Structure formats: structure tokens, C-alpha cells
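In: Here's my sequence, what's the structure:
(2 chains)
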Number of protein chains: 2
Amino acid sequence: MDEFTLIRRYFQPLQQRQKEAGEESVSVGIGDDCAVLNIPEGQQLVVSIDTLVEGTHFLADTPPEQLAWRLLGASVSDLAAMGATPSWLTLALTLPHADEAWVSSFSSALSEATKLYSIQLVGGDTTRGPLTLTAQVHGFVKKDAALLRSNAQVGDLICVTGTLGDSRAGLETLLTNVPADSVVEYLQQRFYRPQPRVSTGQLILPYASSCIDISDGLLGDIEHILEQSGVGAQINPAALPLSAEIMHFTDEHTAKEWALIGGEDFELCFTVPPEQWISLQEDLQSHDVQITPVGAICEAKGLQLFTQGEWRVAEANGYNHF
Amino acid sequence: MDEFTLIRRYFQPLQQRQKEAGEESVSVGIGDDCAVLNIPEGQQLVVSIDTLVEGTHFLADTPPEQLAWRLLGASVSDLAAMGATPSWLTLALTLPHADEAWVSSFSSALSEATKLYSIQLVGGDTTRGPLTLTAQVHGFVKKDAALLRSNAQVGDLICVTGTLGDSRAGLETLLTNVPADSVVEYLQQRFYRPQPRVSTGQLILPYASSCIDISDGLLGDIEHILEQSGVGAQINPAALPLSAEIMHFTDEHTAKEWALIGGEDFELCFTVPPEQWISLQEDLQSHDVQITPVGAICEAKGLQLFTQGEWRVAEANGYNHF
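Out: The predicted structure follows:
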């Protein structure tokens, strides 16, 4: 199966189906030298590129459908962190060989995922080599409205979405070959299928002063907000939102460590000025994602954790790619 | 050296320097979850993603500066084929280890190349794994003006830019370890440093009916125009533009074969209605890229080559990635 057959059979249909559904932002999609795309008036373009490499980001023989969900979930999460609305996806797929079964499973999961996240595949490149997947996601945000890392102010509350550490726990179940049960399945789903918090990002847009998605671990990621905003933070580990499943799988100490430095949760961490807190709470009434305050922005630079009865300076052991 | 240090030291400066030069299309660049970008009014966004893999697209131990030029040249060539103006670049770099010397050489060549092509680095991802480089290029084109593959008409002239086959000859010199002389150096430069025909793409925009860049070989690539335009083509190999260097390096038969199916030339192949030919010639007076007519679009489907005194149906032996 050559590159063109592969694209025509497995990737072009994704785009055509969505076109029929009334998508008009795409003038030219897959099949020319470039895609030609239309940005709505008054909106800015928001883009992010992310790579998953076999052996670095996922284990060999990971099912292709899990890779599709993980790649897209992690990428769309970057759009969520800006408060953006997802629009288009381009995909660079490096495969060891033209394995039709693999591509078929991958593309059907990708099709589901793109529908769920309302993002349309508009182009790509398929090449031969060690298994590597790169996605670039594109989205829109109203002019000058994007949530940045740089505007956190002293006194702002630090909040996180969902629960933390589950993804790291899910990886642990894979590394240690724990027998599957409902807890293990939940944690593995959290690892494989990050749920990008797109609707939460849009909901907090009018209230939040800064935002980042948690890909390297809460401690590592909040450091970026602190650095770019020129502030410090105090975080109380007792306040960290932990799932019933992680508490069932491991002890509280390990769960908290994974919540702080585990990485790959793809939840949002954002800051809110205290005077916006009440309005945000009102908007959250009918929102189905849990929001938990875990600390506050302070003047003293650096990151402090409340442990053993006092605030202590923390090391940011976020996961680094080298 | 961790990922953040590497980006801060070698990639962020590329962006800042360009910012100082007055580039205002970028509201947020490297350093947040996403880049935030501004599309000029009345323009469409044009994007293409391309991957180079060690062992598939280039030999092991290829100098990093050559890779930077080749990656960017090949990618920007897709923008040229649409008649687009380059704007932004995102880069996904997978490296076996954090080799500072490699990254330093790569980023300084990339800096030169981005300046030459007027394209700004706005984001990226660096990961660990087998050497793989993915670039997404972004550009603009006036609404509904993009050069597509689908509008070639019966009677249109088929033209190509520059000379063909040089890149394949350059690869041959690398594979066979030919001693370096000025001819070999020229051919290797043609392999490593494709010259995307951006200004030519813009010049032919009002005249051309279709366009594609020659990445898989003239025969393979023109097939895409024929298929998407629902027409056939006659190409005369005697008319193929060959460089003095390729004729010095190999015999005429091999040179023509490389010109037809060699690939990676990153020249443009485009079609022009005969009634536009005179006006195009006038515009080409002061243009420094050679344009050569090599055939014509015909009604009979398929591709014919004029060989041994008659038109014969050709096989499109374009290079396929699988």
C-alpha cells in the first residue's frame, strides 16, 4: 500500500464526512500542496504542535486507537489552556511499515476523537521510520482574549480541573502489568484518553488571569506561570483533588506525589483574582468539570508547599524531555 | 541540558530577533501553550506539514545545518506551489540525545533560512527519540486566489522552473562517495538546499491554471494535476531543462531519467493557458528563475512521453514513501 492509497483510503474520508456536515472553514483540505483555510473575522489563530515517540512517550505495542486518542487529547489540551475553540488538525505520521490494520484502527479512533473535539483533519504527511506521531492543532480565540501564562497576580487563587495523578497511576499499571479491574481500567483510560478541558477553558476565559495545561506535572507547569508572571505560589497538597480510583490503587503519599509531579494529566491549572471568584462559582453551577482551589499566588518568588505543618520551598521536579 | 534550556538558548532568540525587526503578525510566540497569530484581512491561511526521517529522507550523520536548510526549503516549497507568502513556522524536533553542538549548528542554519524565506518560528516541540524533523509552514494567499492542482485545462502549456534531476544527482554523489569538486558541490547543494520558488509562485499566480511542487519526481507529481483536473498530458523529454553540472556528472539518458523521476527537486510544475503565455513572458523579463515549457495538457487521460519518434504512454514511477 503506497502513501497515496493509504491517505485516500483512511484519512481523506475523515475530512469529507465533516465537510458534508456543513464545515465551511476549509476551502482546500487534504490532497493539494497545502490546505487553504478561513479564519473567522475578529478572531486570532491559535496553534500548537506536539510529538509522541514510541519508547519515550508510550510503550511499544500500544494499541493504535489509544495513540490516536492520546495524541489528539494532549494536543487539544493546549488549545483548551488558551481558552480557544478547536478548528483544524494536521498530522505527521512516521510508521515503520505500511501496516494496513494499524492505520485502519488508528484512523477510526482518530475519526471519533476529531468528532468529539470538533476538530477537522485538513492535511498531513506520512513517512517511513520509527513510530512517531506529530499533531498540530489550530483553533480560534477572540482578539486579545487568549489565556496566557503571564498575567497571574499576587493574591490570585490557584485552581485545577478534575483530579490529578491518575495518568501517572495509569502508566504504573501498564509498567507493572497489574491485572485489569475497573480501577485499573479507569486509570489506564486517564493515561490513554486525556480529556482536554476545552469547555472549561472557554468558561473561565472572562475570569482567569493565567492558565496552563498540566503536561509535565503541576509543580513543573505552575513554574512557567510563576516565571512568566514574575510571582511566587503557595500550594497546599492537602487540597489536591484525588480520584477514588487513585486512592484505591496506592497510598495517599504516593498519590499526592503523582498529583504534584506525575505529569500527563492534561487538566488545566489556572489563576483567578479573588474578586472574580463568586462570578466564576455561579458560572460553574451547571458545568460538569470539578474545579478545586489548591493554593494562591504570593509575592515571594518560588514555590512553597504546606508540609509537616509549615510552608517549605518545593523543588519543581516536572518531567523534562531530556 | 533540559528541553526548556535548549529552547530558551537556541530557538527563542530566532523569534525575538525577528520581533525586533517589526514583525507584528505574532501576538504570542514560543513560550506559552500555543502561539497566538494574526491573519491579515482578506487573506486565507495556507498550511503544510512535512517530515524528514533519518535513514528514509537523509543519511545518518548528515550535518545539522544541511538538515535545517533542506527541511525548511522543502516545506516552504509547498507554500510556493500555492502562490502563497510565507509567514510562520512550527517545528517538532525528535533528537536521540540533547547534543548541544548539534542543536547549536541546526538553529543557526535555521535562523539564516527563516530570514531568507521571511518565515518566523513561533512554536515547537522537542522530544527524545530517533532523529525526526517535522515542520509546519504557514502562509497567506488572497481569498480564493490560491494555485490548486485541479484547474488544468486541455491545451494549457506545462512549464517547470529551474533545472530538474540535480537533487537526485546530488544524492548519487553522496551514496557513491564521489570526490568533491565544484560540480559535485553544486549537485549536493541542490540536494541539501532546495530553493523554494516563492517569488515565482507569486509571479505566476495571475496566469497559471494549476501548480504543484516537484517533490516525488515530475512524472509522479504531474499525475496529481492530471487526476485532480481530469485531463491527460504530453511531455517531451527533449525539452527538459538540465543543468550543465548534471550533464557533466552523468550521461544524458540518466540525467533525463533523474529529471523525470528523481524527485526532491522542489521546483514548480505549473500549467498556463496559451492565451496567458505572452503576458507571462512579459512578467518573466526581470525574473531570475528560468521557466521552461516541457509539454501540454491533452484530452486523452494518462501521461505520454515523446520517445523514439512517437508519443508513448509513460509509467508514473514517482517516488512513494512506502
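In: and residue A:246, what is it in contact with?
Out: A:163, A:165-166, A:169, A:187, A:255, A:258-259 (CB atoms under 8 Å, 6 or more residues apart in numbering or on different chains). In short, each C-beta sits where N, CA and C put it, glycine included.
In: can you give me the helices for chain A?
Out: Using DSSP state H, the helices of chain A run over A:3-6, A:12-20, A:64-81, A:100-116, A:166-175, A:182-192, A:198-204, A:218-229, A:244-249, A:252-261, A:277-284.
In: out of the ones you listed, deepest packed?
Out: helix A:64-81 (a mean of 25; mean count of other CB atoms under 10 Å in any protein chain shown).
In: quick one: that helix to helix A:100-116, angle?
Out: For helix A:64-81 against helix A:100-116, the angle by axes from the mean of the first three to the mean of the last three CA atoms, to 10 degrees is 30 degrees.
In: Residue B:50 is in contact with residue A:134, correct?
Out: No. Assessed by CB atoms under 8 Å, residue A:134 is found out of contact with residue B:50, at 10.4 Å.
In: what about those two, which has more around it?
Out: Neighbours per residue, other CB atoms under 10 Å in any protein chain shown: of residue A:134 and residue B:50, the larger number sits with residue A:134, 31 against 22.
In: Quick check: that one vs chain B, distance?
Out: Distance from residue A:134 to chain B, counting by CB to the nearest CB, to the nearest Å: 5 Å.
In: Tell me how chain A divides into domains.
Out: A:3-142, A:157-313 (automatic domain parsing).
In: re earlier: any idea which of the helices of chain A scores lowest on pLDDT?
Out: Confidence, taken as mean pLDDT, is least for helix A:12-20 of these (a mean of 66).
In: Now render the helices of chain A as TSV, adding distance to residue B:117.
Out: As requested, these are arranged in TSV below (distance: least, CB to CB, whole Å):
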stretch	distance to residue B:117
helix A:3-6	26
helix A:12-20	28
helix A:64-81	26
helix A:100-116	31
helix A:166-175	39
helix A:182-192	39
helix A:198-204	33
helix A:218-229	29
helix A:244-249	49
helix A:252-261	41
helix A:277-284	45
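In: Distance check, the nearest residue to residue A:145 once chain neighbours are set aside against residue B:141.
Out: Excluding the flanking residues, the one nearest residue A:145 by CB to CB, 6 or more residues apart in numbering or on different chains is residue A:205, at 6.3 Å. Applying CB to CB, to the nearest Å, the value for residue A:205 to residue B:141 is 31 Å.
In: More neighbours: which of those two?
Out: More crowded of residue A:205 and residue B:141, by other CB under 10 Å: residue B:141, with 23 against 18.
In: what sits opposite the more buried one in the beta ladder?
Out: residue B:44 (DSSP bridges).
In: these two touch, right, it and residue B:80?
Out: No. Contact criterion CB under 8 Å: residue B:141 and residue B:80 do not qualify, at 11.1 Å.
In: neighbours of the nearest residue to residue A:39 once chain neighbours are set aside, just the number please.
Out: Sequence neighbours aside, residue B:39 is the residue nearest to residue A:39 in space, at 4.6 Å (criterion: CB to CB, 6+ apart). Close neighbours of residue B:39, defined as other CB under 10 Å, add up to 20.
In: For residue B:39, which residues are in contact?
Out: Residues near residue B:39 by CB under 8 Å, 6+ apart: A:39, A:45, B:25, B:45, B:140.
In: Report the two of the residues you listed separated the most.
Out: A:39 and B:25 (12.2 Å; CB to CB).
In: about what we covered before: just the buried members of the contacts of residue B:39?
Out: Those of those that meet the buried threshold are A:39, A:45, B:45, B:140, by 16 or more other CB atoms under 10 Å in any protein chain shown.
In: Tally up the residues packed near the residue in the stretch 101-250 of chain A that chain B sits nearest to, please.
Out: Nearest to chain B in the stretch 101-250 of chain A, going by CB to the nearest CB, is residue A:129, at a distance of 3.4 Å. Residues near residue A:129, counting by other CB under 10 Å, number 20.
In: was I right about it contacting residue A:92?
Out: No. Here residue A:129 does not reach residue A:92: they are 10.8 Å apart, not a contact under CB under 8 Å.
In: related to what we said a few turns ago, residue A:181 versus the residue nearest to residue A:39, what's the distance?
Out: Counting by CB to CB, the gap between residue B:39 and residue A:181 amounts to 50 Å.
In: tell me, what residue is most central in chain A?
Out: Geometric centre of chain A, nearest residue: residue A:77, 3.0 Å, by CA atoms, centre = their mean.
In: Test my guess that that one contacts residue A:266.
Out: Yes. The criterion here is CB under 8 Å, and residue A:77 meets it with residue A:266 at 4.2 Å.
In: Common neighbours of these two, please.
Out: Both residue A:77 and residue A:266 are contacted by A:194, A:196-197, A:213, A:215, under the criterion CB under 8 Å, 6+ apart.
In: pLDDT for those - can I get that in TSV?
Out: TSV is the format used below for these (pLDDT from 0 to 100):
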residue	pLDDT
A:194	93
A:196	97
A:197	98
A:213	96
A:215	93
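In: Taking those residues, tell me the two that lie furthest apart.
Out: A:197 and A:215, at 12.5 Å, using CB to CB across those.
In: Thanks again, I'm all set now.
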